[in-house]
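> model the structure of this input:
(chains A and B)
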Amino acid sequence: MVWQPEIDELNERKKLAYNLGGEERVQKHIDNGKLTVRDRIVTLADENSFQERGVLAGKATYEDNELVDFRPSNYVMGLAKIDGRRVSIGGDDFTVRGGAADGAVGDKKTHQERMALELRIPIVRLVDGTGGGGSVKTIEDIGRTYLPGGPGFWETANDAMEQVPVVAAAMGSVAGIGAARVAVSHFSVIVKGTGQVFTAGPPVVERGLGMWVDKEDLGGAEIHARGSGVCDNEATDELDAFKQIKSFLSYLPSSSWEMPPYESTDDSPTRRDEELLSIIPRERRQPHVIRKLIKHVIDHDSYFEIGKFFGRSVVTCLARIDGFPVAIIANDPMAVGGSLDTPGSEKMLKFIDLADTFNLPIINLVDQPGFMIGVEAEKAGVIKAGVRALQAIYQCSVPWATVVLRRAYGVAGAAHQNHSNSRWPYRISWPSGDWGSLPIEGGVMAAYRRDIEAADDPESYRQEIEDRLNLLRSPFRTAESFNIEDIVDPRDTRPLLVEWIHDAYRVLSSSALGPKGRGMRA
Amino acid sequence: MTDIKAEWPGVVSEIKVNVGDTVAEDQEIIILESMKMLTPILSPTNGTVSEIAVEQGQYVDEGTTLAKLD
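Next comes the predicted model:
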C-alpha cells in the first residue's frame, strides 16, 4: 500500500480526463448525433481491447500546488484490436476547443502514427478537428505568429502510406490539417450529414471569396464522396462508418511486410453459375450489370466496394476468392458506357497502388470501350489521368489476372494488364470478346473516308466495308494467332480464378515483401 | 422537385416515361446512348414526372436537365 495515494491520484486524474470538455459541451455533441471520442473508439474496437496512451496529458491549473482544474488533451489515442488484430487508433475530441490541433498537448497524433510504424499495424484516424493553429487565439497565447510546417505529421505520413494500412473517417467539420489527415489515407469514409471536409470552413470562405456557403454544400458527403473523390465512401451514420472500416481492414494485412489474411469460406471453389453464360447481352450496345457479374465469381460472403459514387465507370472492390483476398477492377457499362474518364483513371490508379502496396493480387474484369471522348473529357485531362493509371499498371508487381468480358478498345483497352515481356500475363476471354484499336463502326469512316466519298452510293459502300470487317470480328480468329491466349466458358471463370489465386498466394508468400520503391501517394 | 440530369454527354435514344407518370426510385426514365452504349438513366427517387425536357434523338451535354420530377 506504499503507493496507494498516487494510485488514487492517478484514478482521480483519469476521471478528470474522461469528463472531456465538460458536461454541457458533451451533451451538445451528443445532441448533434455524434458519439464522444472514447465512445467512438470503444464502439469500433473489440470489447475491452483499448489501451489508451497519454490519458494524463492536458492543461492543468493549480492553486497552492493543488490541482483545481484540468482540460484534457483533445486527442485520444492508443492501441486496440479490431476483429482480433492490433491497430493504432486515435480521434479528435471535438468537445475540447472544437478538436483544434492546438488543444492537443504534446504531439499525440504523431506518436500514434510512429507507434503504428514501429509495430507495423494499421492506423485508424477518427477525425473531428481542425488545423494546426486551430484558432488564431493561439497567437495571443504564445505571443507570436509562426511559420507552418516543421516536424510532425508529414514526417510519418509518407512512411505510413507505403507501410501500414491508413484509414480515416471524417466525423465532423474537419478543416486544414484535419482535412489533410482524411485525404492522405488508403481508405476514407465521410459520415453523411455530420461529416464535412474542407481546406477552410464557411467563415474563411466568406472572408476570402466574399461568398457564404453552408458547410454541407462546401464539403459534405455529396461533394466529397460523389463529386471530388476526396473521400472514398460515405456512411449513413457513425456505426456504418465503423462497419466499413472493419470491412476494409479485414481484406488487408497489418503491414506491407505481411500477406493479406486468409478467411475460410463455405463457398465452393468449383461453383459454375449458369447465369454467367447469358449475363453479357448479344446486342453490343446493351449494358450488363457488372456488380451482379462480380458476385457470381467471388466468394459469396465477401465484397467491399471502394469509391462507388466516384469515377463510376470503374468499379473497384475488395473481395475473396476461395478465402484469399483480392483486389478487383471492373468497367461498368452503365456509367459513361464504361469508358475510362479522368475520375475513373484516378480511382484505378489509387486502387492499383493500394493492391500493390499490400500484396493483394489483382483481377481485372474488362469491358472497356476506350478513353472517354469529347470536349469535357479533354478539358478534364483524360489522357494525362489515363497514362498515370497505365503507369501504375506497369509499376505494379503483384500477380494479375485479366478476364476480357467484352470490349477492349484503344489505349485504354490496352490498360488491362502489364504486357511487358518480363511478365507472364494470365489472361482469358469470354466468347463475347470484342477488341481493336478503333471500333469498326467509327473506324471505317476514319480509315476509308476517301474511298467511301468517291463511291456512287457512299452509305451502302460504307455498310459493305463494315459488313466485311465484322465477319473478321470473331474472337476465335484472334485466338488462332495466340493474340488472346484462351477463350473460356464464362461459367468456368470462378474455378479458373480459384486455381490462379492459389498460385498467386504461393508466389507472393515466397517473395520478399515490404514497401515498394515507388512509395504511395494518396 | 428533382431534376434528372445527364451525367455524361450522349444522344437521347428512348424516353421511357410520360408527363404525369408516377415513377419509383431506380426506374428507367431515359435511355441515353453514350460511347455506343445504351445506358439507362434512373430516377433518383420516387415521384411524378412533371416535365420531359428533351426529345428523342437529341444530343445532350453533360449536366443537361433531361426530366423533372415532383
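
> how much space between the spatially most central residue of chain B and chain A?
Centroid-nearest residue in chain B, with Cα atoms, centre = their mean: residue B:30, separated by 3.9 Å. The spacing between residue B:30 and chain A, counted by Cβ to the nearest Cβ, to the nearest Å, is 13 Å. The C-beta positions use only the backbone N, C-alpha and C, and glycine is treated the same way.

> that residue against residue B:16, yeah?
Yes: in this structure, residue B:30 is within contact of residue B:16 by Cβ atoms under 8 Å, at 6.4 Å.

> what do those two both touch?
residue B:40 (Cβ atoms under 8 Å, 6 or more residues apart in numbering or on different chains).

> not counting sequence-adjacent ones, nearest residue to whichever residue of chain B sits closest to chain A?
When scored by Cβ to the nearest Cβ, chain B has residue B:35 as its residue closest to chain A, at 2.7 Å. Distances taken as Cβ to Cβ, 6 or more residues apart in numbering or on different chains place residue A:337 nearest to residue B:35, at 2.7 Å, with adjacent residues excluded.

> just the pLDDT for that neighbour.
Predicted confidence (pLDDT) for residue A:337: 94.

> how about the residues of the stretch 251-400 of chain A by chain B?
By Cβ under 8 Å from any Cβ of the partner chain, the part of the stretch 251-400 of chain A that sits against chain B consists of A:284-287, A:333-339, A:341, A:369-370, A:372-374, A:376.

> if we go to 7 Å?
A:285-287, A:333-334, A:336-339, A:369, A:374, A:376 (Cβ under 7 Å from any Cβ of the partner chain).

> in helices, which of the residues you listed fall?
residue A:376 (DSSP state H).

> now flag whichever of the residues of the stretch 251-400 of chain A next to chain B is closest to chain B.
residue A:337 (2.7 Å).

> these two touch, right, that closest one and residue B:38?
No: Residue A:337 is beyond contact range of residue B:38, at 9.0 Å (criterion: Cβ atoms under 7 Å).

> so between these two, which is more surrounded?
residue A:337 (29 against 19; other Cβ atoms under 10 Å in any protein chain shown).

> so who does the more buried one touch?
A:369, B:34-37, B:39 (Cβ atoms under 7 Å, 6 or more residues apart in numbering or on different chains).

> and the furthest pair within these?
Spatially, the most separated pair among those is A:369 and B:39, at 11.4 Å (Cβ to Cβ).

> number of residues surrounding residue 1?
In the absence of a named chain, this looks at chain A. Count around residue A:1 with other Cβ under 10 Å applied: 5.

> the chain in question should be chain B.
8.

> that one reaches residue B:51, doesn't it?
No: in this structure, residue B:1 is not within contact of residue B:51 by Cβ under 7 Å, at 9.8 Å.

> for the helix or strand the residue nearest to the centre of chain B falls within, the averaged confidence score.
Per DSSP states H and E: residue B:30 is located in strand B:28-34. Strand B:28-34 carries an average pLDDT of 95.

> what packs against it?
strand B:10-15, strand B:37-42, strand B:65-69 (3 or more Cβ pairs under 7 Å, 6 or more residues apart in numbering or on different chains; DSSP states H and E).

> which residues touch that strand?
Residues contacting strand B:28-34 (Cβ under 7 Å, 6+ apart): A:285, A:336-337, B:4, B:6, B:8-17, B:23, B:38-43, B:66-67.

> tell me which two of the residues of the stretch 251-400 of chain A next to chain B sit farthest apart.
Taking Cβ to Cβ, no two of those sit farther apart than A:286 and A:376, at 24.8 Å.

> between the two, which one's more packed in?
When neighbours are counted by other Cβ under 10 Å, residue A:286 and residue A:376 differ, and residue A:376 comes out ahead with 16 against 12.

> and the closest residue to that one other than its chain neighbours, what element?
What sits nearest to residue A:376 in space, not counting adjacent residues and going by Cβ to Cβ, 6+ apart, is residue B:62, at 5.3 Å. Here residue B:62, judged by DSSP H and E, is contained in no helix and no strand.

> wait, residue B:62 sits on residue B:10?
No: applying Cβ under 7 Å, one finds residue B:62 not in contact with residue B:10, separated by 8.9 Å.

> the more surrounded of the two?
Taking residue B:62 and residue B:10 together and counting by other Cβ under 10 Å, residue B:10 has the greater number of neighbours (27 against 16).

> show me what that one is bridged to.
residue B:60 (DSSP bridges).

> how distant is the helix or strand harbouring residue A:11 from the center of its chain?
Following DSSP H and E, one finds residue A:11 within helix A:4-18. With Cα atoms, centre = their mean, to the nearest Å as the basis, helix A:4-18 stands 41 Å off its chain's centre.

> cool, and stretch A:297-312?
With Cα atoms, centre = their mean, you get 11 Å for stretch A:297-312.

> for it, give me every contacting residue.
A:187, A:225-226, A:229, A:232-233, A:247-248, A:251, A:265, A:267, A:295, A:315-323, A:332, A:335, A:343-344, A:346-347, A:351, A:493-494, A:497.

> next: stretch A:390-404.
A:349, A:352-353, A:355-356, A:359-366, A:415-418, A:420, A:425-430, A:433, A:493, A:497, A:500, A:504, A:507-508, A:518.

> close to chain A: what parts of chain B are there?
B:8-9, B:33-39, B:62.

> buried only: go through those residues for me.
B:8-9, B:33-39, B:62 (16 or more other Cβ atoms under 10 Å in any protein chain shown).

> okay if I get the residues you listed as JSON lines plus distance to residue A:35?
Converted to JSON lines, those look like this (distance: Cβ to Cβ, whole Å):
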{"residue": "B:8", "distance to residue A:35": "39"}
{"residue": "B:9", "distance to residue A:35": "44"}
{"residue": "B:33", "distance to residue A:35": "47"}
{"residue": "B:34", "distance to residue A:35": "43"}
{"residue": "B:35", "distance to residue A:35": "44"}
{"residue": "B:36", "distance to residue A:35": "49"}
{"residue": "B:37", "distance to residue A:35": "44"}
{"residue": "B:38", "distance to residue A:35": "46"}
{"residue": "B:39", "distance to residue A:35": "40"}
{"residue": "B:62", "distance to residue A:35": "39"}
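
> who's residue A:58 bridged to?
Bridge pairing for residue A:58 - DSSP bridges - gives residue A:72.

> residues in contact with it?
Contacts of residue A:58 (Cβ under 7 Å, 6+ apart): A:17, A:70-73, A:105.

> now pLDDT and neighbour count too, for those residues, in TSV please.
What follows is the contacts of residue A:58, written out as TSV (pLDDT from 0 to 100; neighbours: other Cβ atoms under 10 Å in any protein chain shown):
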residue	pLDDT	neighbour count
A:17	95	20
A:70	92	17
A:71	92	19
A:72	94	26
A:73	93	20
A:105	77	18
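
> of the helices and strands packed on strand B:28-34, which approaches residue A:212 most closely?
strand B:65-69 (25.9 Å).

> listing partners with orientation, what would you give for the closest one?
Strand B:65-69 is paired, per DSSP bridges, with strand B:2-5 (antiparallel), strand B:47-52 (antiparallel).

> quick check: mean pLDDT of the longest one?
Spelled out, it's strand B:47-52. 95.

> now do stretch B:60-70
Rounded mean pLDDT across stretch B:60-70 is 94.
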